[in-house]
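[1] quick one: sequence and predicted model below, then my questions.
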Number of protein chains: 2
Amino acid sequence: MEPVVGEKQRNVQRSLEFIERAAANGAQLVVLPELCNSGYVFNSRDEAFALAEEVPAGPTCRSWEEVAHEHGLHIIAGINEREGRSLYNAAAVIGPSGHLGTFRKVHLWDEENLFFEPGNLGFTVFQTPLGRIGTLICYDAWFPESFRLCALQGADIVCIPTNWVPIPGQAQDREAMANILCMAAAHSNSLFVAAADRIGVERDQPFIGQSVIVSYTGWPIGGSASPDREEIIYAEANLADARRGRNWNAFNQVLRDRRTDLYGEMLGAKASPGWY
Amino acid sequence: MEPVVGEKQRNVQRSLEFIERAAANGAQLVVLPELCNSGYVFNSRDEAFALAEEVPAGPTCRSWEEVAHEHGLHIIAGINEREGRSLYNAAAVIGPSGHLGTFRKVHLWDEENLFFEPGNLGFTVFQTPLGRIGTLICYDAWFPESFRLCALQGADIVCIPTNWVPIPGQAQDREAMANILCMAAAHSNSLFVAAADRIGVERDQPFIGQSVIVSYTGWPIGGSASPDREEIIYAEANLADARRGRNWNAFNQVLRDRRTDLYGEMLGAKASPGWY
């Protein structure tokens, strides 16, 4: 998608068109980009706030609930969320019977820190008839902890609304680094990853597209999508295969092999040892 | 390298030749493959035990100490280590003044479980004049926790003696999954990674070569090496750049951005929640 900052009604309408088209092609689980209702590059907190809505009470979430109900599908959609005076860079998780829950971006990127509160809901895995669904947003995927905490709660797939920006040093003849992070995480957690990115340039900030759907093996099964053209990518997957795939041989099951006896408390430690 | 199982003297001699050649080309830090003294595919524990040595008291480690001293360089070398009745799949960390310490493979792969004890020394980062050096071995790199625990202890580079085996579903036109894991870990921890793999087929077990040196940016700066030919790969790097590179913008420093307030105790938890 190419959301346009400020044009919320247009953006949401466009998201509904994409969902309808995906449903017509058999989609049961649809992932939309980060902040796909509001756009991304705000000039001020006031602008960001004016474009935010309550989740699920606001009209954007309600319209996604309607289309999810109509087509019996699940939607993970990036939304600019308002709760009281606080703004969150959030993802609404919606099923055929309505809003299942919300994920709020845990790791804020760059000037998002000027507008949004850091996510305060942790990493939740939603149980659905399709499988167990975890959600991250963009920079969250730079932290292997994010995927791991989804996997440790049983996620079969991690859905990632995102607005990926160019990475310094990205070689044109190589996979996007964002895609590499998704592949590594899918492989080392044995879970599917579906990342929906936006395209376009907004107030001089380019976005890289290249949405991708990755199998639990770590190999892409959908995309990567165009870097500069709106496009729906599809993959057919039995999410339960992620669980089967965790047994790699007679000795190794990738999640059970974790050496928690040695990891100690440093991974979750609140105090910095001062090295970094 | 292509070590040959059982031919320890020949393997060690070959490792010394490679180190000499690397030194002649200016190498200051040399990484050798996993179990490069003994070979990898043992028929029995007795065979594995007969090929093991004490570290650093055994002759293999002593000969690496000598060459490190002579050329003023550091060596990270995979070694079949014996301590009393226990065997470890280990890496000797050696500097110009001798043995600095040992890493013992934490996550054992497949039939290694028949021969070796799981590593019991945790993840240690060695302070050297070149920078801070962490060490992992092969399957350890499938666990993002391994890289993270090195990074959290200040590692500028993670050196990986390895014996990578083929991954199901590896597409021939894509980067090896092992390389993808190294790139993702380098990028998301802002540290260098140098992985030295073996080549060849040993008792029907093929190995994939493709050793790689990755910058702290996540992009390869050496290799990947040949999949089937012995080869030294080189890269020139100022390891301190890894520390500078962690500041990504006015708001984000990739290690400090960890949300330890939300990660909780699950990452290091000893009890399985039963999901996997």
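    Nice, I can see it.
[2] and A:A237, what's its pLDDT?
    Note on A:A237: pLDDT of 96.
[3] so where's the stretch 101-250 of chain A shaky on pLDDT?
    Nowhere does the stretch 101-250 of chain A drop to pLDDT under 70.
[4] just the helices in it please.
    Counting by DSSP state H, counting those that start in this stretch, the segments of the stretch 101-250 of chain A that form helices are A:112-115, A:144-151, A:177-189, A:241-244.
[5] in a markdown table, list those helices along with mean neighbour count and distance to chain B.
    (Each C-beta comes from the backbone N, C-alpha and C, glycine too.) Below are these laid out as a markdown table (neighbours: other CB atoms under 10 Å in any protein chain shown; distance: least, CB to the nearest CB, whole Å):
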| stretch | mean neighbour count | distance to chain B |
| --- | --- | --- |
| helix A:112-115 | 18 | 5 |
| helix A:144-151 | 26 | 3 |
| helix A:177-189 | 26 | 4 |
| helix A:241-244 | 17 | 8 |
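[6] between those, which gets nearest to B:N238?
    helix A:177-189 (21.4 Å; CB to CB).
[7] so that closest one versus helix A:144-151, what angle?
    Orientation of helix A:177-189 against helix A:144-151 (axes from the mean of the first three to the mean of the last three CA atoms, to 10 degrees) gives an angle of 50 degrees.
[8] you'd agree A:M177 is up against B:I180?
    No. If you go by CB atoms under 8 Å, A:M177 and B:I180 don't touch, sitting 10.5 Å apart.
[9] just to revisit the earlier point, switch the helices of the stretch 101-250 of chain A over to JSON lines; also include distance to B:F18.
    What follows is these, written out as JSON lines (distance: least, CB to CB, whole Å):
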{"stretch": "helix A:112-115", "distance to B:F18": "48"}
{"stretch": "helix A:144-151", "distance to B:F18": "33"}
{"stretch": "helix A:177-189", "distance to B:F18": "29"}
{"stretch": "helix A:241-244", "distance to B:F18": "41"}
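[10] for chain A, what's the longest helix?
    Scanning chain A for the helix with the most residues, using DSSP state H, yields helix A:8-24.
[11] does anything pack onto that one? Which helices or strands?
    The contact analysis (3 or more CB pairs under 8 Å, 6 or more residues apart in numbering or on different chains; DSSP states H and E) places helix A:8-24 against strand A:29-31, helix A:59-71.
[12] what helices or strands is the shortest one leaning on?
    On a contact count with 3+ CB pairs under 8 Å, 6+ apart, strand A:29-31 meets helix A:8-24, strand A:74-83, strand A:157-161, strand A:192-196.
[13] so how far is the following helix or strand past that strand off the chain centroid?
    Counting by DSSP states H and E, the next helix or strand C-terminal to strand A:29-31 is helix A:45-50. On the basis of CA atoms, centre = their mean, to the nearest Å, helix A:45-50 sits 23 Å off its chain's mean C-alpha point.
[14] which elements pack onto helix A:45-50?
    strand A:86-95, helix A:112-115.
[15] looking at the ones you listed, which is closest to B:S44?
    Of all the helices and strands packed on helix A:45-50, it is strand A:86-95 that lies closest to B:S44, at 52.8 Å by CB to CB.
[16] can you give the strand pairings for that closest one, parallel or anti for each?
    Strand A:86-95 has its sheet partners listed here by DSSP bridges as strand A:74-83 (antiparallel), strand A:98-104 (antiparallel).
[17] and those, which is most packed in?
    strand A:74-83 (a mean of 26; mean count of other CB atoms under 10 Å in any protein chain shown).
[18] export only the CA atoms of it, formatted as PDB.
    Taking Å, rounded to 0.1, in the frame of the first residue of the first chain, the C-alpha atoms of strand A:74-83 are listed here in PDB:
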ATOM      1  CA  HIS A  74      -8.600 -12.300  10.000                       C
ATOM      2  CA  ILE A  75      -6.900  -8.900   9.600                       C
ATOM      3  CA  ILE A  76      -3.800  -7.500  11.200                       C
ATOM      4  CA  ALA A  77      -3.600  -3.800  10.400                       C
ATOM      5  CA  GLY A  78      -1.300  -1.000  11.500                       C
ATOM      6  CA  ILE A  79      -3.300   1.800  13.000                       C
ATOM      7  CA  ASN A  80      -2.600   5.200  14.700                       C
ATOM      8  CA  GLU A  81      -4.300   4.500  18.000                       C
ATOM      9  CA  ARG A  82      -5.500   7.100  20.600                       C
ATOM     10  CA  GLU A  83      -6.200   6.100  24.200                       C
END
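[19] relative to helix A:8-24, how tilted is it?
    Angle, strand A:74-83 to helix A:8-24, by the same axes, to 10 degrees: 160 degrees.
[20] what pLDDT, on average, does strand A:74-83 get?
    In the prediction, strand A:74-83 has an average pLDDT of 98.
[21] now find how far off-centre that strand is within its chain.
    The answer for strand A:74-83 is 10 Å, by CA atoms, centre = their mean.
[22] ends of stretch A:49-69, how far apart?
    This stretch, stretch A:49-69, spans 28 Å end to end (CA to CA, to the nearest Å).
[23] no no, stretch A:203-211
    When the end residues of stretch A:203-211 are compared by CA to CA, they are separated by 21 Å.
[24] how about the nearest residue to A:L121 once chain neighbours are set aside, what does it touch?
    With sequence-adjacent residues excluded and distances taken as CB to CB, 6 or more residues apart in numbering or on different chains, A:L121 is closest to A:R104, at 5.0 Å. By CB atoms under 8 Å, 6 or more residues apart in numbering or on different chains, the contact set of A:R104 is A:81, A:88-91, A:117-121.
[25] gap between A:R104 and chain B?
    Distance, A:R104 to chain B, by CB to the nearest CB, to the nearest Å: 10 Å.
[26] A:R132 too?
    8 Å.
[27] quick one on the thing from earlier: can I get the helices and strands packed on strand A:29-31 in JSON lines with distance to B:A24?
    As requested, the helices and strands packed on strand A:29-31 are exported to JSON lines (distance: least, CB to CB, whole Å):
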{"stretch": "helix A:8-24", "distance to B:A24": "60"}
{"stretch": "strand A:74-83", "distance to B:A24": "55"}
{"stretch": "strand A:157-161", "distance to B:A24": "48"}
{"stretch": "strand A:192-196", "distance to B:A24": "45"}
